[in-house]
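Q: pasting the structure only:
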């Protein structure tokens, strides 16, 4: 399975930095992946839902650590690119 597209939707919030939409093999898409500020830097958080006890359970997530690392890198690379493009467009104003 290949990650064929990552779209970033920047947010002007303190903890929630962006939402990501990830396309796999040009045939399957996952929305509402979050990029949030964690205790030790940025964290990629998979889409989740609240369960009865108040905790959250992932709706979709990588099964292997190898693919999780690949996914996180792709999302954070796209996020950093979106930030630099935003900075460049603001400099041109």
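A: Perfect, I can see it now. Everything numeric in this text was worked out from a predicted model, so none of it was measured.

Q: any chance you could map the helices in the chain?
A: Counting by DSSP state H, residue ranges of the helices within the chain are 65-91.

Q: show me what counts as buried in the lowest-mean-pLDDT helix or strand in the chain.
A: Within the chain, judged by mean pLDDT, DSSP states H and E, the helix or strand with the poorest mean is helix 65-91; its value is a mean of 88. For helix 65-91, a neighbour-count test (16 or more other Cβ atoms under 10 Å) marks 71-72, 74-76, 78-79, 82 as buried. Using the backbone N, CA and C atoms, a C-beta is placed for each residue, glycine as well.

Q: same deal with stretch 28-38?
A: By neighbour count, with 16+ other Cβ under 10 Å as the criterion, the buried positions of stretch 28-38 are 30, 33-35.

Q: what about this protein, any weak spots by pLDDT?
A: For the chain, residues meeting the criterion pLDDT under 70 lie at 88-93.
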